[in-house]
Structure formats: structure tokens, C-alpha cells
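Visitor: Build me a structure from this.
(3 chains, ligands or ions: 3)
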Amino acid sequence: MISQTLSRKFDQIITRYPLKRSAMVPLLLYAQDEVGHVSDEVIAEVARRVDVRPIEVTEVISYYSMLHRQPVGKYNIQVCTNISCMLRGADELFDHCCQKLGIGHKQTTPDGLFSLEEVECLGACCGAPAMQVNYDYYENLTPEKVDALIDELKKKEPRSKI
Amino acid sequence: MKDQTHKSQFVILDLPPKPENLHVPGPYTRSPSLSPQLNPAAEPVSVTIDGKEVKVPAGTLLIEAAKQAGIEIPSYCYYPGLTLQGACRMCLVAIEKMPKLQTACTTVVAKGMVVHTETEEVKNARKAMLEFLLTNHPLDCPVCDKGGECELQDAVFRYGAAETRFMEPKLHHEERKFSSLVYYDWPRCILCYRCVRVCDEGLDVNAYGIGFRGAHSEIIPNRGEKLECEECGMCIDVCPVGALTSGTYRYKTRPWEMTYSGTICNHCGDGCKTTLSVRNNEIVRANNRDHSGFNGEFLCVKGRFGWDFVNSDQRLTAPLIRKNGKQESGTWEEALGVVADRLNDVLKQHGPASVAVIGSNRTTNEENYLLGRLTRTVLGTNNLDHHRTADYGSLVRALTEVKATDRYATIQNIYEAPSILVVGNDPTHQHPLVAYQIRQAVRQHNAHLYLLNSREIKLQRQATHSVTVRTSGEPDAIRALAGIQAPHAGLVVGGTGDFDSFREGLLEESDTVIIFGDEIRGKDVADLVRWGLALPGRTRFVALGDYANSRGAADMGLLPDVLPGYLPLPEQAARERFEAAWQFRIPTEPGRDIRSILQGAQSGEIKALLVFGSNPVKTFHLPKEQLSKLAFLMVAELFPTETAEAADVVLPATSFAEKSGTVTNSCGQVQVLKKPMRKAGTRSDLEILLALAGRLGHKWAYQSSDDVLREIIAQVPGYAIALPNLLIGRAVATQPAGTPPELASADLIFSSRDSLFTSGTLSRYSWALNSVDEAKRPHGHIF
Amino acid sequence: MPGYDNPMGNSPLEVKVISKRFALPNSASLDVYLQHDGYQALKKALATKPEDVINEVKNSGLRGRGGAGFNTGMKWSFVPKQSAKLKYVVCNADESEPGTCKDRPLMEYDPHQLIEGIIISGYAIQAHQGFIYVRGEYRYLLEIVDRALAEAYARGYLGKNLLGSGFDFDLCTHTGAGAYECGEETALLNSLEGLRGYPRIKPPFPAVLGLYGGPTVINNVETLSNIPHIILNGAGWYAKLGSPKNGGTRLFCLSGHISRPGIYELPMGFPLRRMIEEVGGGVPRGKRLKAVIPGGSSCPVLTAEEIDVAMDYDSVAKIGSMLGSGGVVIMDEDTCMVKVAGRIMRFYAHESCGWCIPCREGTSWLKRLLERFHSGGALPDDPDTALDVAYNILGKTLCPLGDAAAMPTISILQKFRHEFEEHLKLGYCPYEKKAVSVA
Ligand SMILES: Cc1cc2nc3c(=O)[nH]c(=O)nc-3n(C[C@H](O)[C@H](O)[C@H](O)COP(=O)(O)O)c2cc1C
Ligand code: SF4
Ligand code: FES
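Guide: Residues are numbered from 1 along each chain as shown, chains lettered A, B, ... in the order given. Ligands and ions are numbered 1, 2, ... in the order given. The predicted model follows:
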């Protein structure tokens, strides 16, 4: 289910900790990156590797906002609307994204390319308004910059996919 | 813009692996919580609470100290025996010299502490917490099961936070069915985490978790939307509100519409106390309401839900008499008349040796005692036995021989033991309370658990040492431990360590409690006892029998060669003792054991058989025709069992919930049954026995089971117990002493190996026990 | 990073200590670090007694940059010298406090400075293993720090027998996955142990009973990045950089309605007014200043009249707020304070772990009340109710998140009550049309 590289990474991460269970969140996050979401198989695999019962993994997953049980779009656009970004137009930016993509908070475009999420402070307050696409930061945004970015990402996708 | 990497890359660092990383983690197992540690060795601490001074052991929590001063500090997340949470903030109190209010449930008393529990500030804080709790609470008290016994409702009455300023729409989730026995209503849940902890720390099942966070937090079951667990329902019991409700009780009644009787569960041999709640002559709930008895609030699935066989509409409610090959209902008069007549016929024609009696593992001591008297005097035979599930006789004999009859362990002894050895058996399934006590001993005072078994059992999770031997290898392993014979090759097949460290570990322990199942019988018991007594300290023993009164059946002498109190029948003095009491001669020859009775029934040597509360056709896997040669078969039963179906007369008997009397658990502790209801048309075995004796021409003077109990106390060695102690609801330990004849054949002893969800034939008539998915899983499934 | 802008501001008023290497090309590499005093402090520390390292840090007046501002050396001194369990040091790189983004450049541009600080802290308390808990969103930083760690291991700055001193130290990163509460030190420990990020009951404090049951010191990234400088230049030098009892400099993150948003390293005690007007270039487009959050969203807001304050822990506390985590959020006259209160509360309601009642239920209630109030559904009792509810959270929760949620609301309700009255009177938000983004 997971690649060999990731499996090796898992083995290595687990040795870092005195307690295997400590590796749970990193393992889940990396597995999610590869699989796309935390599937039942991922839960079972992680539970096995860190030696806990699956419910303990389930408990942890639902606690963290970055771990999701359902697939999200290939590009997960996370717009920060917390205070510093809000003061610099994040709400308008988020609305703009909604319109541009035709989806709302925690929704995914029908082609599976984009998801949109309103998130809490990303730690980019001095570059507000900011957003993250997957793990990449984009700061000092304007609606125009967002448009350009989304168009660019779309262009990278082979047509056949849609 | 640089090229977009969809998911970020990672660096694989080849850091050197660290061997010292393999150390055991800290005290945090699962929940971010601590357990209080009393320190009785240190100087007691004196604190002032609301002007009252109390002295408590060092390490006491403020909330417990207050209790000792007679002050109740409200609490939800605090629950004695479970880890601390500090979550509900209901127990906030003012402590002088501290800037903020403090939680009494997490504060350990300190010398000279001055505490105020009812200041305006404290009261307002509690009111505030209640107001918070009620924001998303549905306030559906009028329909909620918990209404009337709800800790939230009570606190709101006390602190008056009923009017709310909350104007927002309430968060809501639909009620969920976690299993056929457990329902979860999210909006009522106050997240005290008692259920999560009791399942984890108490049951070691860990079926609950917490999902999501913040105001959306919820209790989640371990299999998606479903629970997979032991279905003990303890979570329902500890829930302070109506968030977890029971599949058998929900929406049936209100707490004030029921009557409550504290009695003893009738399933396994542990003898848990339980309160039966009865409405309109029907049991609607069982829980150990006042936490009295050695089980506290513990009950397993059978205890909490498995009583419903009593209400079953398959219960026999009128005697059945075979006429022209068919069983037809008749009156009690008629049926008893038939029994007496047919017995008289057989006795006259074939003599007493052609009559036999099979007793029960569930009937009371008084009933068993009278059954012995009836058999040996009225019928004049010693052909009396029952399905023996543990070898009590050999244990008594072994302990008596070395004058160590003070070494029977009680349920409390198990909890307090610093070291426990379990040989054979699977207590989690067969003796849930014993398993619970063992786990608590390990968890709360680090008792060391040694397991010697031929199967993988769940208690291995608590074991310090465990040795798995090949099937039926337990006796050999005991002899090897005792140095009687060397362990032969292939004996040990698994476990945590080798045989030697197991033995050496035990030699370092003291006051070990040794618990054994049907794997150890006859001479093996003597080997075990002799070796056990040589261990350091006061070693104690428990033989685990299957059912509620398995021990009582043996103690009362439902055996062919043993009189009550394990007095050997062949000995004249023993017979004389009961001949004096019963004013009748007892036949000197030991009778047939149960296998021989059943064979005699087939060969025609046994002509008449009386069966009380037992289903030998099922237990002994008899072919249908085996009993057909009998001239007469009488069965006293609750249900139309396989044995009852073959009977000429079936007498509808009462269950444990419909009679008074006493039962003795596996540990030899006697407890009293209370009778909350009675199914119309039924009679207790005691009533049946008295009527039969009368019809067969014997005038017995007993008016009630109490009269029989008094005779037992006077006559049965080891049962000279203080009646008042018993009557106020205590479990009174007995210490039988006697040298019964050695076990004739090992195959007389065998456990039915019931699972958590079965209880001999009875469980077939329980909706609850059959409704859970887990009951369908193969036996031995570990949760 | 695509589209990534250097968040560092640039002002002649800055005093660069921990940010002094940021502008160097390839500043994150070990070679560059070594060319600029790198690992000299470690060498020095390893030749000193651990107690003396602790004392030096104590005397420097370094106070925790994570929020609470506790004297760092003091905290280290609480760790028992003898312990049956292994000791640990944990670097708190969970940076999630709204308005705060200073730990990011510290890890991005100078990871070795942090690593060196952590090793020294480990030596001081005699721990042999450390963890850097990085928030999940900072994946790119995780990679930068991991590379730096690999370099340090390769050259013997980590691992066995550091620099021949006989002292062993292992260090690795750990990633969170999106939870503000995991920045709270005990919740962080649970998270690091693979549990839900619930805080623990205190006492016992982590210094006595922390990670895996061992004594543990938890410090912020910025706090630890200061350590090499203190060891190298001395406590006296460091203390003198700042104001009394508030040693050194700190990174202030100016954000919101400010002309030159950015992260600036300024001495402790630097006046807030000058910070806004001179360092940050004032409020843009000639607007008047309305309010300032001095140290991240958990701190009570200051009004425009209150900004004549020295930015150190004690001075800001004196006027009823907190220096917090260094996130200075500036709001101009067009800002709706009701909306601000609602937005901040939404954050806390989202991030409340839900363990204890007042925070779980209180933040969710206040969020809904304030958002309803702002969006036209104001009721006359709401402001009083909100104030009361906030006070019912304050001081009664298991961890400080409850206080962090209550304080901004209380301060806004007290200082900007008239804006609530205005909403009530109008039935809508008077600012909605006026507020325009600056960018
Ligand atoms: C809810 C909450 C969130 C916190 N988040 C952070 C954080 O993201 N980063 C941080 O360094 N400290 C955070 N803290 C403070 C830490 O609990 C702790 O005080 C700090 O890491 C100690 O380091 P210091 O002494 O170096 O400041 C938070 C505290 C609370 C109560
Ligand atoms: S205050 Fe309570 S609910 Fe809130 S984050 Fe802390 S422990 Fe969790
Ligand atoms: S009982 Fe003390 S916090 Fe719940």
C-alpha cells in the first residue's frame, strides 16, 4: 500500500523515539501525503507499525486538522483568514477563491484537482494575506496573484485527466 | 514561480539507532492522567475544610479528604479508582494563599491547607460549569432514562443553573447504536471520560476513544460505528448522565417506578452482587446500585444483561405430565402425586439402588442440603451427583491433610495479593470478576501475575511471567515447578520467558494467591497445594468452578461418597452426625457417580432418575435414547431443555431471582439471595423438595430456607458462620475441612468452558446474551 | 519556495543578534555557520560545568519567547540533577499563535543556531536526547532542519562524545499535524507521545515529570536560538541589551495595518509607539490607529492611547496586557472590533482541545454569540452575557488556552463597548462597507 521509500522512512522514523507510538503522527502525515488521505488501510498499517490498537490511531487522526479521512483535491488550497490576514483582506480573498473554483470551504472541484479550505493562522502573518497550497506557502496575495497561480496549476495538468 | 511539487519531499536521515531508546515509557499509558498514590507510611496530614479539621494519609486528594469531613464536592470526571482528569472543573474550591480556584480532584492535601468549598466564588464557578454543560444539552429529562438518578440533574437542582442565557442553536447529533446493548446519545454527553477509562483501566478492553476536538468532541467506539467489546455495560453504569443507555432498559420505566433488591448473580462462580430492579413483576435492569459487595460496581455482560432469561416467555409455568407419550400440562397436585407414586413403585419393585438423583450448580445451599437429605434418607440411596466443574474435594482434602484450611483465598485476597498465579482456565471468559480483580491488583498495586496455561488468554497482557504449555500440560508443568519430575521436551510451547525464571520469580514472591481451573484435578491438586504452601509467605488457593453455586453443590455434598462439609460417607462418624440431625439412617455404600448414573440409565440398572436444575443430556452429550429406558424421569427446570423433553414429569422451577437462600462462590464465600419477584405457576426447588418429602411420608420441620440455613450452620463443618453478618449482606468466608475420598476418575471434573456470553443452558434463553455480535465469534476471541 | 517572500523587515533601529546571519548567502548551511562563530558556544559550554551554564542563562535575564516569559535559566534549574528516568529537552516549534511568525525564519535561515542552543540546553540539564516539535504546516522547515541535523551528525556536533567531551546528544525533528493546543507544553508532550494533544494536570511540571515520564525542559525556538550568544558573549552582555530583568533582543512580528509589515529584531523594552511609527512606518494611507495586539492573539488589546509602553514583559503586564509571543498586530480606525473579537474567538473555539468544560463549551458559545452579534443578530443582553461567559472561562480551565481565549474578548468588551452598542443600535456592522484591504 505504501511505497518502499516511505516504508524505509517509516522504519527510520520509528527508531528515533523511545516509544514507538510517538511516531504515529509523522507516519500518518507522510502516509497521507502518499495515499492522498488517511484510509482504513493506512490506519491499520500505522497501528501495526507503532504497536497500538486502531482506535488509538482513529482518536489521534480526528484531533488534528491536517489529517483527513476523505480524499482532497490534488491541490489543497488553504487560505488563512485569521486576524493578521483578515485585516489585509483574507475574507475577500477566500470569497474570490470560492468564486474562481466554484466550491466552498472543505469542498473539492468535480475534477478532483482543487480543494479549498479556510484555515487558522499559518505563521505567515507578516506576509498577509497568505495561503498554502499543499505544503507550499504563498504570501502577500491579491486576487490577481491567486488567479495566476490557479491558472498555472491547471495548465500543468494533462487535459485527458478532465 | 518554481516548479510545483505536489507533496513535499522528505529527507531520510540515517541516524544511528539508539539501544537506550528501548526503555519503558513513563506512567502515561493512554490518557493524559495520573493516579493518586497514597502514602500510608508518611505522617498523616491535617487540613481544614470549611472549618472542620481532618487528618488523612499523605497523598490523599482534597476531594477524598472532604468526603471524610462529610463534605461532598461535586465532581463528574473524578471517579475513585480511575485516573485523574481535571476535566470537568466542577470540583473547583478556594484554597487560602492560592490565587485561583483549584480542582479538589487533583490537589493533594498539604499540611495546614485551609479550604473553602462553598464560598460565593466557588458556588458561582460551579453554576458556571453547569451553565456551560447545559448549553448544548438537550434538556430532555422527561424522556431520558437517567431522569431521577442523573448527576447533572442533581447538581442543577443544587446550584440552580436551570435558566440559561444561551441563545444559539444547539449542536446536535443523532443517537447512535453502538451495539444491541449500548446506545450513545451525543448531546447528553458531558465528556467526563468515565466510560473511556473504565473500559481501558477497568476492563482492559479499550473499546472507547475520543473523537474530534473542542465542542465537537465525542466518544467513539472502536469499530467504526460499532463497539467490539466484552459488552459488560459498565460504561452505562458509570455514565453520570443519560448519554450511554442500555439496550435492555432504555425507555422502559423511571427509577422511582421500580423496586430494588440486592441479590447475587446466578451465572458464573464469582458471586457478584447485583441489584435487580423490578417493575410489574418483571426484572428490567441489573446493576450493583450501591456498589456494595466485593465486586463494587463491576458486573460482566451476564450479570448486567443476562438475567433476562427470567422474564423469558419460554419459561415453564405449569407442570408437564407425560400422558400417552406426550407431555401435557397439569396441576402441581397432580404432578407431585405422579412423582410420588412412580417413585414408590420403583422403590418397591427395584429397591433404592435403582433410583438416582442429579443436582444442580445453581440451586441454593439450602436446596442442595435438602436434596442430599431427600436422596440419602427418603429415597435411601447415595446415587447422587452433579456436573462437577472444579475439584473442590481434592482441594479441601489437600489443605486438610496439611492443616492449612485457613488458606482458602477470598475475592478480596485476590485484589490485595502481591503475587498471583493462575493455572489453566480463562478467567476473562469464565470468571470475569476474578479477571477484573487480578487486573486491578496489577494496575493499582503492581501485583505480579504469573500465568501457566495451555492457551493464549487475555490476561497475558497483565502478566509478569507467562508460560504456555502444550494442551493438558498444566499438571506436568506443576510437577516440574515442584521439582517432582523434570519438564519433558515439548512441554513449554510459548510465553514470555522460560520455565526456570518463572519458577524462580515465584520463589521471590510472597503471599501468592494460586488460582486454578479444571485442568488441575485429583492428585494434581495435592501436588499443587504442597508445592504452593512451600512458597514464601501465606499462599492461598482458589479452585474455579463454573456456576453460581458449583462450590455450594460440593460443599453441601451433592456427591455419591461425600456428606455435607466434605465428610467422607464411608466413615461411620460422618454418617452418624447427619443421621442424628436427620433422624434417619444413611446407606453406608457410596453411590454411583454421575457417569455411572447415566450409564445405569442406559443399561437399565437405574430405573428412576430425578434431575434438579441440570441438563445432563446436553452437558454430557448423551444420545437421545439414553434416558428412554428409564421407568421414570422427573426434571425440575425453568425451560424445556433436552433433558426436560425426555421427562415423564417436568416441574416448573423458579430462578435465582425468585427465591431466597444462600449461595457459595468459587472462593467459598457465602452470600444471601433476595427474592424480588415470582413467575406465576412456578415453585422453588426447596418447595418442591419439601412437598416431595411430605408425599413420600417424611415429616420435615422446615418452614423456610432460613430454617435449613440454621441447620447448615449447625451441622456442616466449615459453615459455622455468623448469621447476622450474612443477613446484612456481607460475603462470609467458609473454611471447609475434611478428608473426602480421593477423586475416583479425572473425567468427573470438567468445565463447560463457557464464554463471556454463555452460561450453560440458561444463556440460550437470554435475548441479551445472544443479541451481541461478539457472542457469535469463536470462543477465546481476545478483544 | 514558490512565491515565498522573505518576511524579515529591515530597519536601522534593529539590533541583530539572533538574526545577524539571516542575510548571509546560504545561511542555513553548516559551513557558513562555522565561518560565523558556529558551534563556538557549544565548545565553550562543554568545557563549563552544567550548573554554571544554567547560572549564566539565569543571569542573562533571558525569558521564554514562547509566550509566558518565564526566566529560562530558572526553568532549567528545576530539573532534578539525579533522575532514574532519562531526561529530555524539547524545542517548541509549533508556532501557531495568530500574529506570530518569528520561529519560521530562525529555522529557515539559521537552523544550526537553534541546534547549537538545544545541545547546550541538553548539556545544562544533562539530557541526552532532544526533539524539535515542528508544526505540521511547516513541512519545508522540517526539511531544512533535517538537513542541518544530518550535517551536524556528519561532523560530530551531534551523536556520541560531542567534540571529545564525553557528552552524548541525539536530536531529531518531530512533526505535528495541525493543532494550536499542541503548542501548550504538556499537550505537546502528549502529542509527541502519540496521544491526542490534551494538556496534562500540573503539578507535576514537565521539569520533574515530562516526556516519557522523565524530567523535561521545553523551550521555544527563539529562546533556544539565544543560548549560543549568551554563552559566547556572557550573561552581562546579553542582559544589557534589554531592559531590567528582560535580557536581550527579541523578534517582533509587525502585521496588520502597518506600512512595512515584517519581523524585526529589537531590544527588549523598545517603545511600542516607535515600533509602530518608526520601525513599521506607521498606519498606512493616513488612517488613525485604533488598537494593537501586543503579543499574539491571546493578549488583551491595547487602545491607541495605550501605546506609550516599553515592550518588555513587566511593562506590558503593568498596563494589563502581555508581551506574549511577539506578534504585534496593528489595527486602524476602520477595523470592526466586534468582528475582531469574533474572529479571534472562532480561532480558539476551533483550537480548543475540548478536554475541559469551560473552554470547550465557553469558546464555542462565545464564538457563536459574537459572530451572530456582528452579522446583524445583536441582542441587548449579549455584551453583558459575553463578558460574563468570558469571566466564567478565565482562570477555571485546565490549561492556559481558556485564559488566552477569554482575555482578548474581555479587553475588547471593556475597551470597545461603544462599538457593540453601535451594532445594537444599527442592527448591522457600521464598518462592513468601509474596511478595505491594504494590500
Ligand atoms: C494554548 C497555548 C499554545 C502555545 N503555543 C505555543 C507555541 O506555538 N510555541 C511556543 O513556543 N510556545 C507556545 N506556548 C507556550 C508553551 O506552553 C511554553 O510556555 C513554551 O513553549 C515554553 O518555552 P519558553 O519558556 O521558551 O517560552 C503555548 C501555550 C499555550 C497555553
Ligand atoms: S482550556 Fe481546557 S479544553 Fe481548552 S485547550 Fe485547555 S484543556 Fe483543552
Ligand atoms: S472532578 Fe475535578 S475536574 Fe472533574
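Visitor: Provide a list of residue ranges in chain A with pLDDT below threshold.
Guide: A:159-162 (pLDDT under 70).
Visitor: What ranges does it have for its helices?
Guide: For chain A, the helices identified by DSSP state H occupy A:4-16, A:24-35, A:40-50, A:54-63, A:83-87, A:90-101, A:143-156, in order along the chain.
Visitor: Check the stretch 1-150 of chain B too.
Guide: For the stretch 1-150 of chain B, the helices defined by DSSP state H, counting those that start in this stretch occupy B:62-68, B:120-135.
Visitor: Mean neighbour count and distance to residue C:369 for the helices of chain A - can I get that in a markdown table?
Guide: Where C-beta positions appear, they are placed from N, C-alpha and C, glycine not excepted. Listed next are those as a markdown table, based on neighbours: other CB atoms under 10 Å in any protein chain shown; distance: least, CB to CB, whole Å:
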| stretch | mean neighbour count | distance to residue C:369 |
| --- | --- | --- |
| helix A:4-16 | 16 | 43 |
| helix A:24-35 | 23 | 34 |
| helix A:40-50 | 18 | 37 |
| helix A:54-63 | 23 | 26 |
| helix A:83-87 | 31 | 18 |
| helix A:90-101 | 19 | 20 |
| helix A:143-156 | 14 | 32 |
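Visitor: Turn the ones you listed into a markdown table, including distance to ligand 1.
Guide: Output for the helices of chain A, formatted as a markdown table (distance: least, CB to the nearest ligand atom, whole Å):
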| stretch | distance to ligand 1 |
| --- | --- |
| helix A:4-16 | 21 |
| helix A:24-35 | 16 |
| helix A:40-50 | 25 |
| helix A:54-63 | 14 |
| helix A:83-87 | 15 |
| helix A:90-101 | 20 |
| helix A:143-156 | 28 |
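Visitor: I'd like to know which of those helices is closest to residue C:36.
Guide: When the helices of chain A are compared by CB to CB, helix A:4-16 sits nearest residue C:36, at 29.4 Å.
Visitor: now the closest one against helix A:24-35, angle please.
Guide: 170 degrees (axes from the mean of the first three to the mean of the last three CA atoms, to 10 degrees).
Visitor: right, so the helices of the stretch 1-150 of chain B: which one is the most enclosed?
Guide: Mean neighbours per residue, mean count of other CB atoms under 10 Å in any protein chain shown, is largest over these for helix B:62-68, with a mean of 22.
Visitor: Show me what that one is packed up against.
Guide: Judged by 3 or more CB pairs under 8 Å, 6 or more residues apart in numbering or on different chains; DSSP states H and E, helix B:62-68 is in contact with strand B:45-49, strand B:52-56.
Visitor: Centre of the chain to the first one, how far?
Guide: What it means is strand B:45-49. Chain-centre distance of strand B:45-49: 39 Å, with CA atoms, centre = their mean, to the nearest Å.
Visitor: In three-state terms, label whatever residue of the stretch 151-300 of chain C ends up closest to ligand 3 for me.
Guide: Here the residue of the stretch 151-300 of chain C nearest ligand 3 is residue C:201; by CB to the nearest ligand atom that distance is 9.1 Å. Secondary structure, DSSP: H, G, I helix; E, B strand; the rest coil: residue C:201 is coil.
Visitor: Tell me how far it lies from chain A.
Guide: Residue C:201 sits 19 Å away from chain A, going by CB to the nearest CB, to the nearest Å.
Visitor: ok, that residue to residue C:209 distance?
Guide: 10 Å (CB to CB, to the nearest Å).
Visitor: Arrange the helices and strands packed on helix B:62-68 in CSV, one row each, with mean pLDDT and mean neighbour count as further columns.
Guide: Formatted as CSV, the helices and strands packed on helix B:62-68 follow (pLDDT from 0 to 100; neighbours: other CB atoms under 10 Å in any protein chain shown):
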stretch, mean pLDDT, mean neighbour count
strand B:45-49, 97, 19
strand B:52-56, 96, 15
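Visitor: Take those and lay them out in TSV including distance to residue B:483.
Guide: Formatted as TSV, the helices and strands packed on helix B:62-68 follow (distance: least, CB to CB, whole Å):
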stretch	distance to residue B:483
strand B:45-49	49
strand B:52-56	48
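Visitor: could you redo those as a markdown table and give each row distance to ligand 2?
Guide: Output for those, formatted as a markdown table (distance: least, CB to the nearest ligand atom, whole Å):
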| stretch | distance to ligand 2 |
| --- | --- |
| strand B:45-49 | 26 |
| strand B:52-56 | 28 |
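Visitor: Kindly reformat those strands as JSON lines containing distance to chain C.
Guide: Output for the helices and strands packed on helix B:62-68, formatted as JSON lines (distance: least, CB to the nearest CB, whole Å):
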{"stretch": "strand B:45-49", "distance to chain C": "16"}
{"stretch": "strand B:52-56", "distance to chain C": "19"}
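Visitor: Hmm, residue B:492 is touching residue B:468, no?
Guide: Yes: assessed by CB atoms under 8 Å, residue B:492 is found in contact with residue B:468 at 7.1 Å.
Visitor: and for those two, which residues touch both?
Guide: Shared contacts of residue B:492 and residue B:468 (CB atoms under 8 Å, 6 or more residues apart in numbering or on different chains): none.
Visitor: can you pull the contacts of the residue nearest to residue A:59 when sequence neighbours are not counted?
Guide: For residue A:59, ignoring the flanking residues on the chain, the nearest one in space by CB to CB, 6 or more residues apart in numbering or on different chains is residue B:209 at 3.9 Å. Residues near residue B:209 by CB under 8 Å, 6+ apart: A:55, A:56, A:58, A:59, B:196, B:219, B:220, B:221, B:222.
Visitor: so which helix or strand takes in residue B:209?
Guide: strand B:208-211 (DSSP states H and E).
Visitor: tell me which residues of the helix or strand bottoming out on mean pLDDT in chain B are tucked away?
Guide: Ranked by mean pLDDT, DSSP states H and E, the weakest helix or strand in chain B is strand B:492-495, scoring a mean of 88. By 16 or more other CB atoms under 10 Å in any protein chain shown, the buried positions in strand B:492-495 come out as B:492, B:495.
Visitor: Check which helices and strands it sits against.
Guide: strand B:465-469.
Visitor: what's the strand it packs on packed up against?
Guide: strand B:448-453, helix B:474-481, strand B:492-495, helix B:499-508.
Visitor: what about 10 Å?
Guide: Counting contacts by 3 or more CB pairs under 10 Å, 6 or more residues apart in numbering or on different chains; DSSP states H and E, strand B:465-469 packs against strand B:419-423, strand B:448-453, helix B:474-481, strand B:492-495, helix B:499-508.
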